[in-house]
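Q: could you work out the structure for the sequence below:
(one chain, ligands or ions: 2)
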Amino acid sequence: KPVAWGYEGDIGPCNWHKYFPKAGGKRQSPIDIDTSATQYDGSFKPLRIHYDSHMCSSLTNNGHTFCMSVNSDQCNLSGGPLEDKYRLLQFHCHWGSDDTKGSEHTVDGHQYAAELHLVHWNTDKFKSADEAIEKNQGIAVLTAFIKAGKEHRGWNHVLSHFKDIKKVQGTSTVNEDFNPKCLLPENQTDYWTYEGSLTTPPCHESVRFIIFKEVVEVSSEQLAQFRSLCVCSSRKRDTGEDEHLVDNFRPIQPLNGRVVKASFQ
Ligand SMILES: COc1ccc(/C(C)=C/C(=O)O)cc1
Ligand SMILES: [Zn+2]
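A: Ligands and ions are numbered 1, 2, ... in the order given. This is a model prediction of the structure:
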C-alpha cells in the first residue's frame with residue numbers, strides 16, 4: 001500500500017524521511033540559488049531542446065499537482081551540462097496559495113509564484129524511466145520560474161483541460177497541436193545547473209536541474225486556475241467542502257557544499 005505523503009501536517013515534508021529515507025540525503029532539492037556563489041562554466045555546449053507538437057499526451061490530477069504525461073520519442077533534450085540524451089516524460093508545476101509564494105527553488109531568497117518542471121529521463125544509459133528515476137544522471141529537469149503578469153496564451157492549451165481533472169485521479173487526453181517548448185522563456189542560453197533530487201517522495205538523488213534565469217509571466221487568473229485543482233480529503237466528507245491543492249512546494253534543502261554552475265557570466 002503506497003505511503004501517503006503531502007505538504008502539511010504529520011505527512012508533510014519534515015516527516016517524509018521517515019518513510020522515504022532518501023529525503024534525508026545530502027543532495028536534496030530544492031535549494032536557494034545564492035547568485036554571489038554560483039560559478040560560471042564556459043564549457044557548456046548549447047542546450048538542444050527538440051520537442052515535436054504532434055504528441056498525444058494525457059493530463060492527470062495526481063493529488064499533488066497536475067501532470068502532463070508525454071509519450072513521444074520525438075521530445076528530446078541534450079547539450080548544456082548533459083553528457084547524454086534525455087527524453088521528455090512529463091511536466092508539472094508547483095504553486096502556492098497566493099502570488100507571493102509557490103516556487104520550489106528560490107533566487108537570493110526570492111520565491112516566485114510558481115515553478116514549471118519538465119522531467120526527462122536518460123535514454124542513453126537506461127532502458128526505462130522507472131529505472132532512470134532512481135539512478136545518478138538518470139533524470140534532467142528543465143525548470144522555469146513563473147510570476148504574475150501578462151496572460152500566457154500557451155498555458156491556456158493546458159488550463160482548458162482543467163475542468164476534466166478537478167478531482168484527484170481525473171485524466172484528460174490532450175490531442176491538440178501543443179508544443180511544451182512554448183512554456184519556456186525566450187532566453188534558453190542563461191541558466192543555473194546543479195545536481196539534486198526529485199522534490200517529491202521518494203526524493204531519489206537522480207536529478208540534474210537546469211533552471212532558466214528568465215522568468216515566465218502568466219496572468220493572476222491563470223495562477224488562480226492552478227489553485228482550483230482539488231485534492232480529495234476527509235474534510236470533504238465532514239464539511240462537504242473540497243480541499244484545494246495549494247502550497248505544493250517543498251521547502252529549500254541544505255546545499256551541503258554543492259556548487260551551482262552558471263552558463264552565463
Ligand atoms: C515512482 O515514480 C515516480 C516518477 C516520477 C517522479 C517525479 C518526476 C517526481 C518529482 O518530479 O519530484 C516521482 C516518482
Ligand atoms: Zn516538480
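
Q: for Glu8, give me its contacts.
A: By CB atoms under 8 Å, 6 or more residues apart in numbering, the contact set of Glu8 is Asp247. Any C-beta I mention is one placed from the backbone N, CA and C, and that applies to glycine too.

Q: quick one, phi/psi of it?
A: phi -150, psi 160 (degrees, to the nearest 10).

Q: neighbours of the nearest residue to His120 once chain neighbours are set aside, how many?
A: Once flanking residues are discounted, His120 sits nearest to Tyr86: 3.6 Å by CB to CB, 6 or more residues apart in numbering. Using other CB atoms under 10 Å, Tyr86 is surrounded by 26 other residues.

Q: first vs last residue of stretch 5-21, how far apart are they?
A: Stretch 5-21 has an end-to-end distance of 13 Å (criterion: CA to CA, to the nearest Å).

Q: where does the prediction get shaky in the stretch 1-150 of the chain?
A: 71 (pLDDT under 70).

Q: find the closest residue to ligand 1 in it.
A: Val119 (4.5 Å; CB to the nearest ligand atom).

Q: you'd agree that residue is up against Tyr86?
A: No - between Val119 and Tyr86 there is no contact under CB atoms under 8 Å: 9.2 Å.

Q: overlap in contacts, these two.
A: Ile139.

Q: pull out the buried positions in stretch 58-73.
A: Within stretch 58-73, the residues that qualify as buried are 58-70, counting by 16 or more other CB atoms under 10 Å.

Q: quick check: closest non-adjacent residue to Val259.
A: Gln39 (5.4 Å).

Q: bridging residues for the one you found?
A: Using DSSP bridges, the bridge partners assigned to Gln39 are Lys261.

Q: dump the residue contacts of it.
A: Val259, Val260, Lys261, Ala262.

Q: ok so Gln225 is a helix residue?
A: Yes - Gln225 sits within a helix when classified using DSSP: H, G, I helix; E, B strand; the rest coil.

Q: for it, give me its contacts.
A: Gln225 touches Leu159, Phe162, counting by CB under 8 Å, 6+ apart.

Q: give me the sheet partners of the helix or strand Phe91 falls within and which way each runs.
A: Phe91 is part of strand 86-95, with elements assigned from DSSP states H and E. The strands beside strand 86-95 in its sheet (DSSP bridges) come out as strand 66-70 (antiparallel), strand 76-80 (antiparallel), strand 114-122 (antiparallel).

Q: continuing past it, what's the next helix or strand?
A: Following strand 86-95 in sequence order, the next helix or strand is strand 106-107 (DSSP H and E).

Q: helices or strands up against that following strand?
A: Under the contact definition 3 or more CB pairs under 8 Å, 6 or more residues apart in numbering; DSSP states H and E, strand 106-107 sits against strand 32-33.

Q: what's around the spatially closest residue to Thr35 that is not a sequence neighbour, how many residues?
A: Nearest residue to Thr35, sequence neighbours excluded (CB to CB, 6+ apart): Asp108, at 5.5 Å. Asp108 sits with 9 neighbouring residues when counted by other CB under 10 Å.

Q: what average pLDDT does the helix or strand harbouring Ile211 get?
A: Secondary-structure element containing Ile211, defined by DSSP H and E: strand 207-212. The average pLDDT within strand 207-212 is 99.

Q: run the contact check for that strand versus ligand 1.
A: No - residues of strand 207-212 contacting ligand 1 under CB under 6 Å from any ligand atom: none, with a closest distance of 7.8 Å.

Q: partner residues bridging the spatially most central residue of the chain?
A: Central residue of the chain (CA atoms, centre = their mean): His117, 2.5 Å from the mean position. Beta bridges link His117 to His92, Thr143, judged by DSSP bridges.

Q: next up, the contacts around it.
A: Contacts were defined as CB under 8 Å, 6+ apart; by that measure His117 touches Phe91, His92, Cys93, His94, Val141, Leu142, Thr143, Thr199.

Q: how far away is Arg153 from Leu47?
A: From Arg153 across to Leu47, the span is 24 Å (CB to CB, to the nearest Å).
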